[in-house]
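[1] Quick one, fold the following:
(one chain, ligands or ions: 2)
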Amino acid sequence: MAQTLDADVIVIGSGIGGLVTATQLAAKGASVIVLESYLIAGGSGGYFERNGYRFDVGASMIFGFGDRGTTNLLTRALAAVNMKMETIPDPVQIHYHLPNNLEIEVHRDYEKFLQELGDRFPHEREGIRKFYDECWKIFNCLNAIELLSLEEWRYLMRVFFQNPLACLGLAAYLPQNAGDIAKRYIRDPELLQFIDMECYCWSVVPADRTPAINAGMVFSDRHYGGINYPVGGVGKIAEKLAEGLDKAGGEIRYGARVTQIIPKAKSGKSAIGVKLANGEVLYAKKVVSNATRWDTFGNLLKDEPLPNGEKGWQSRYQKSPSFLSLHLGVEAAAIPDDAACHHILLEDWNDMQNEQGTIFVSIPTLLDRSLAPEGYHIVHTFTPSWMSEWEDLSASEYEAKKNEAARKLCDRLLAVFPKLEDCLDYQEVGTPRSHRRFLGRADGTYGPIPTGKPLGLLGMPFNRTSIPDLYCVGDSTFPGQGLNAVAFSGFACGHLVASSLGLV
Ligand SMILES: NC(=O)c1ccc[n+]([C@@H]2O[C@H](COP(=O)([O-])OP(=O)(O)OC[C@H]3O[C@@H](n4cnc5c(N)ncnc54)[C@H](O)[C@@H]3O)[C@@H](O)[C@H]2O)c1
Ligand SMILES: CC(C)=CCC/C(C)=C/C=C/C(C)=C/C=C/C(C)=C/C=C/C=C(C)/C=C/C=C(C)/C=C/C=C(\C)CCC=C(C)C
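    Ligands and ions are numbered 1, 2, ... in the order given. So this is what the prediction gives:
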């Protein structure tokens with residue numbers, strides 16, 4: 001029997017991947033319902049407020065807000081539903097504080113960055129330029145084409161005929177990794193370690209396991225569109241997308257946790273559906289899951305056999321660690337006014353990939369003072385941490401372990417911000433357990449990392465799944481982690497679903 005349809009498309013989750021899919025579809029005329037288990041939109045790109053501070057849940061380093069080319073996907077996603085955001089340009093992407101006093105700032109100005117890195121490695125000046133210039137080649141190919149679904153053959157034909165050289169360039173880089181390109185031009189082991197960190201700090205793996213296409217995006221767009229902080233905090237991006245979705249006729253329901261995806265009956269005539277924690281069942285022509293693929297197939301479809309395609313992917317990719325996050329409010333005196341907004345700290349190269357090895361710091365109030373009470377800064381410090389470290393603890397053991405980890409992180413921060421200790425006003429510690437609980441992500445993972453040396457991006461699954469009319473979007477689909485990357489995944493998914501509904 002045919003079910004009554006509640007919408008053309010149901011999207012599970014309102015992370016940036018889910019919201020971009022939903023807004024793209026609503027803008028093309030589809031009726032869309034987004035079901036979000038939490039109280040606000042945004043997922044890892046959300047926010048929370050405490051004592052006058054507005055903290056970003058995840059990273060504050062935002063790509064995709066440029067005003068030209070095709071790779072400014074956040075700007076474009078907002079524009080599709082007639083929304084726009086004010087942003088503040090960040091003059092330095094990252095200030096690295098690495099072993100052996102390797103202090104490097106990645107300036108927005110490309111030449112200034114190459115000059116600074118070349119001054120530290122004068123014998124490698126030529127290799128440095130060749131490596132980063134090759135990243136530009138990749139970026140220029142991406143930035144020359146319309147970015148939509150690689151699973152939709154009419155788009156592929158169109159884009160190929162419009163720009164064959166860019167497509168062939170991208171096809172050549174798809175199976176490559178950044179480390180292989182770096183080793184073609186650079187010999188100095190310390191500089192190669194620096195390139196590893198340049199990759200690790202966003203891909204959570206060293207250069208030889210980081211896809212070249214993603215490195216091309218990150219290493220070039222930071223100088224092209226630049227890193228730009230959204231006024232009012234990262235959470236504003238999801239707020240604006242949700243507002244645009246509403247205006248385009250879509251709907252978001254909050255506190256709506258999906259517990260099960262109901263696949264189409266074998267007759268093929270019925271619709272696909274979802275069951276909510278309150279027992280309600282909704283049906284649509286298509287369902288898009290913005291939960292991770294591990295959660296989608298491991299929880300929401302746990303009664304179905306795991307499709308072979310997913311088995312293959314799960315053998316090629318594993319869950320990355322989660323994060324230990326320290327959200328601090330500090331007196332302004334702790335932070336020099338000319339400090340960079342983002343910092344990476346590491347004392348020993350052997351610890352780069354270890355539990356709580358590399359430290360990431362974001363001080364978004366250096367760009368947007370409105371996020372903290374007057375005279376105070378936010379210092380968001382986070383470091384990779386595995387779920388296994390935080391399980392099987394009593395409530396008091398968990399509390400004590402959090403406090404001890406926070407103390408150690410603060411001690412390490414003193415190397416860069418010596419006044420921090422005396423200026424502490426507010427502290428909140430998040431662990432992998434917090435990420436799992438509030439973001440609904442398996443083991444609180446930051447996203448997929450390859451189990452071995454990957455073939456660039458070739459092993460990453462696209463949006464279509466082997467369950468009829470079920471699609472996935474977000475950082476466990478091509479091209480992986482990062483707000484601009486999941487925005488691409490949302491554009492691709494929205495386009496593919498719209499095409500299957502006959503809307504494009
Ligand atoms: N700390 C960090 O910096 C951090 C951590 C993880 C991910 N990230 C980044 O965040 C982005 C992830 O974006 P994304 O689009 O993949 O999604 P997301 O994980 O940010 O959002 C998924 C959303 O789906 C909701 N959800 C999950 N299961 C649900 C269910 N069963 N029913 C209803 N709602 C459900 C969650 O509440 C969440 O709002 C990436 O850029 C990634 O790199 C950052
Ligand atoms: C037809 C033929 C022949 C062929 C075809 C080919 C083609 C066309 C191809 C295509 C491809 C494509 C389109 C691709 C795409 C891609 C993309 C878009 C990508 C993107 C990417 C992005 C990224 C990666 C980003 C990232 C970022 C991140 C992750 C960030 C993060 C951050 C953090 C965490 C950090 C923090 C730090 C501190 C604080 C310091």
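[2] Next, see if stretch 60-80 gets close to ligand 2.
    Yes. Residues of stretch 60-80 contacting ligand 2 under C-beta under 6 Å from any ligand atom: M61, F63. (Glycine included, C-beta is placed from N, CA and C.)
[3] what about that stretch and ligand 1, any contact?
    No. With C-beta under 6 Å from any ligand atom as the threshold, stretch 60-80 lies outside contact range of ligand 1, at a closest distance of 8.8 Å.
[4] Counting neighbours, which bits of that stretch end up buried?
    For stretch 60-80, burial by neighbour count (16 or more other C-beta atoms under 10 Å) applies to 60-66, 69, 71-78, 80.
[5] just stretch 480-488 next, same as before
    Neighbour-count burial for stretch 480-488, with 16+ other C-beta under 10 Å as criterion, is recorded at G480, Q481, G482, L483, N484, A485, V486, A487, F488.
[6] follow-up on the earlier one: list the ones among the buried residues of stretch 60-80 that fall in helices.
    The helices in this structure, assigned by DSSP state H, contain L73, L74, T75, R76, A77, L78, A80 from the buried residues of stretch 60-80.
[7] can you tell me which residues contact the fifth one?
    Pointing back at A77 there. L19, V20, T23, Q24, L241, A487, G490, F491 (C-beta atoms under 8 Å, 6 or more residues apart in numbering).
[8] Ok, the first one next?
    By C-beta under 8 Å, 6+ apart, the residues touching L73 are V20, G64, L147, N484, A487, F488, F491.
[9] Can you check the pLDDT for the second one?
    Right, G64. Looking at G64, its pLDDT stands at 97.
[10] Show me the shaky parts of this protein.
    Low-confidence segments of the chain, defined by pLDDT under 70, are located at 1, 268.
[11] residues in it within reach of ligand 1, list them.
    Taking C-beta under 6 Å from any ligand atom, the part of the chain that reaches ligand 1 is made up of 12-18, 35-38, 43-45, 58-59, 257-258, 290-291, 295, 323, 439-441, 446-447, 474-475, 481-483, 486.
[12] Most proximal residue of the stretch 51-200 of the chain with respect to ligand 1?
    When scored by C-beta to the nearest ligand atom, the stretch 51-200 of the chain has G58 as its residue closest to ligand 1, at 2.9 Å.
[13] That residue contacts G235, correct?
    No. Here G58 lies out of contact with G235, judged by C-beta atoms under 8 Å, at a distance of 10.2 Å.
[14] Give the pairing partners of the helix or strand where V288 lies; include direction for each.
    Per DSSP states H and E: V288 is located in strand 281-289. Sheet partners assigned to strand 281-289 using DSSP bridges are listed as strand 7-12 (parallel), strand 272-276 (antiparallel), strand 470-472 (parallel).
[15] Near the residue nearest to A80 when sequence neighbours are not counted, how many residues? Count them for me, please.
    Leaving out its chain neighbours, the residue that sits closest to A80 by C-beta to C-beta, 6 or more residues apart in numbering is A27, at 4.7 Å. Look at A27: counted by other C-beta atoms under 10 Å, it has 23 neighbours.
[16] can you check the one 10 residues further on too?
    A total of 21 residues lie near S37 under the criterion other C-beta under 10 Å.
[17] Might one say that it is in contact with A256?
    Yes. Under the criterion of C-beta under 8 Å, S37 is in contact with A256, at a separation of 6.6 Å.
[18] returning to what we had before: make CSV out of the contacts of A77 and add secondary structure.
    Compiled in CSV, the contacts of A77 are given as follows (DSSP: H, G, I helix; E, B strand; the rest coil):
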residue, secondary structure
L19, helix
V20, helix
T23, helix
Q24, helix
L241, helix
A487, helix
G490, helix
F491, helix
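[19] Give me the contact list for stretch 424-437.
    Outside of stretch 424-437, the residues that reach it under the criterion C-beta under 8 Å, 6+ apart are 50-51, 53, 55, 321-331, 376, 385-387, 389-391, 398, 402-403, 405-406, 410, 441-445.
[20] Go through it and flag the buried ones.
    Of the residues in stretch 424-437, those buried by neighbour count under the rule 16+ other C-beta under 10 Å are D425, Y426, Q427, E428, V429, G430, T431, P432, R433, S434, H435, R436.
[21] before we move on, what about stretch 91-99?
    In stretch 91-99, residues buried by neighbour count (16+ other C-beta under 10 Å) are V92, Q93, I94, H95, Y96, H97, L98.
[22] is it true that the fifth one lies in a strand?
    Yes. When the secondary structure is assigned by three-state DSSP, Y96 falls within a strand.
[23] Quick check: closest non-adjacent residue to it.
    With sequence-adjacent residues excluded and distances taken as C-beta to C-beta, 6+ apart, Y96 is closest to I104, at 4.6 Å.
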